[in-house]
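>>> please work out how this folds:
(one chain, ligands or ions: 3)
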Amino acid sequence: MSIEPQNLQHIAIIMDGNGRWATKKGLPRSFGHKKGAETVREITRAAGEMGVKYLTLYAFSTENWQRDPDEVDALMDLLRQYLKSEMSELQKNGVKIVFIGEREMLPADIVEAMKKLEADTLNNDKMTICIALSYGSRQEIVYAARRIAALAKRGDISPEDVDMKMFSDMLYTKDIPNPDLLIRTSGEQRLSNYLLWQCAYSEFYFSNSLWPDFSRKELEEIIANYNQRERRYGKA
Ligand code: IPE
Ligand code: IPE
Ligand code: MG
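Ligands and ions are numbered 1, 2, ... in the order given. Now for the predicted structure:
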């Protein structure tokens with residue numbers, strides 16, 4: 001029996017713990033990333049089947065560029081493979097794919113593959129999978145502020161025109177509703193520069209599972225837990 005998500009349009013996930021999963025098994029960290037990519041497939045499929053409309057996955061942060069170049073290369077290779085292999089399943093299931101983050105930092109062939117995947121799935125409307133790649137929320141907020149400042153400098157807007165709607169529309173996530181539920185695996189309880197603006201009223205769930213061990217069953221348990229919560233938005 002599967003759980004019915006209630007008032008749950010958008011789940012955001014910080015997929016953490018790949019390295020520790022591998023290290024615990026005496027394997028190189030890249031093996032954890034490889035296993036983690038399999039979990040991505042299982043969870044995207046499960047979320048789609050459960051009727052979740054938006055799934056945003058933190059795949060690589062702006063800070064992750066500071067890791068050992070070998071690990072970064074291994075991650076980029078996995079990403080290349082993922083972008084190549086997922087197309088047919090995404091099309092079959094009506095999944096639209098979008099990317100958020102600093103594309104300028106990524107290798108050119110990956111950026112091309114991302115653009116193609118976005119263009120080819122543009123009209124799919126069953127579910128949106130948003131992949132945060134080379135993503136940093138503070139950077140995103142600073143870019144939004146810069147764009148607004150430029151509009152004001154040109155005289156296109158005045159300071160009073162700047163409101164939450166305009167600000168949201170300047171973020172990478174402009175076409176995506178705010179996450180209802182944020183899940184982080186691996187036991188860490190922090191946001192690590194993820195969706196700071198967007199998670200203002202999200203429900204948080206911290207799982208002790210390492211991402212490669214995360215499963216559909218656990219996702220169902222978390223959704224059942226979410227279904228029990230009362231979201232008050234500051235009201236009494
Ligand atoms: C998450 O797993 C994947 C990325 C950040 C790319 P980690 O690589 O952070 O794994 P741990 O946290 O070191 O175990
Ligand atoms: C956050 O995990 C980024 C991703 C999962 C892609 P990190 O492993 O980079 O975060 P910290 O360093 O533990 O805060
Ligand atoms: Mg980590």
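
>>> could you pull out the helices for this structure?
For the chain, the helices defined by DSSP state H occupy 18-24, 29-50, 69-85, 87-92, 108-120, 137-153, 164-169, 216-227.

>>> select, out of the ones you listed, the one closest to His10.
helix 29-50 (10.2 Å; CB to CB). C-beta here means a position set from N, CA and C on the backbone, and glycine is covered the same way.

>>> circling back to that earlier point, which among the helices of the chain is found nearest to ligand 2?
Ligand 2 lies closest, by CB to the nearest ligand atom, to one member of the helices of the chain: helix 18-24, at 7.6 Å.

>>> now that closest one, how far from the chain's geometric center?
Its chain's C-alpha centre and that of helix 18-24 lie 21 Å apart, by CA atoms, centre = their mean, to the nearest Å.

>>> convert the C-alpha atoms of that helix to PDB, please.
Coordinates of each C-alpha in helix 18-24 appear next as PDB, following Å, rounded to 0.1, in the frame of the first residue of the first chain:
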ATOM      1  CA  ASN A  18      27.600   9.100  -0.400                       C
ATOM      2  CA  GLY A  19      31.200   9.400   0.700                       C
ATOM      3  CA  ARG A  20      30.600   8.000   4.100                       C
ATOM      4  CA  TRP A  21      28.600   5.100   2.700                       C
ATOM      5  CA  ALA A  22      31.600   4.200   0.500                       C
ATOM      6  CA  THR A  23      34.200   4.800   3.200                       C
ATOM      7  CA  LYS A  24      32.300   2.500   5.600                       C
END
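
>>> quick one: name the residues of this structure near ligand 1.
Applying CB under 6 Å from any ligand atom, we find that the chain lies next to ligand 1 at 15-20, 60, 64, 75, 186.
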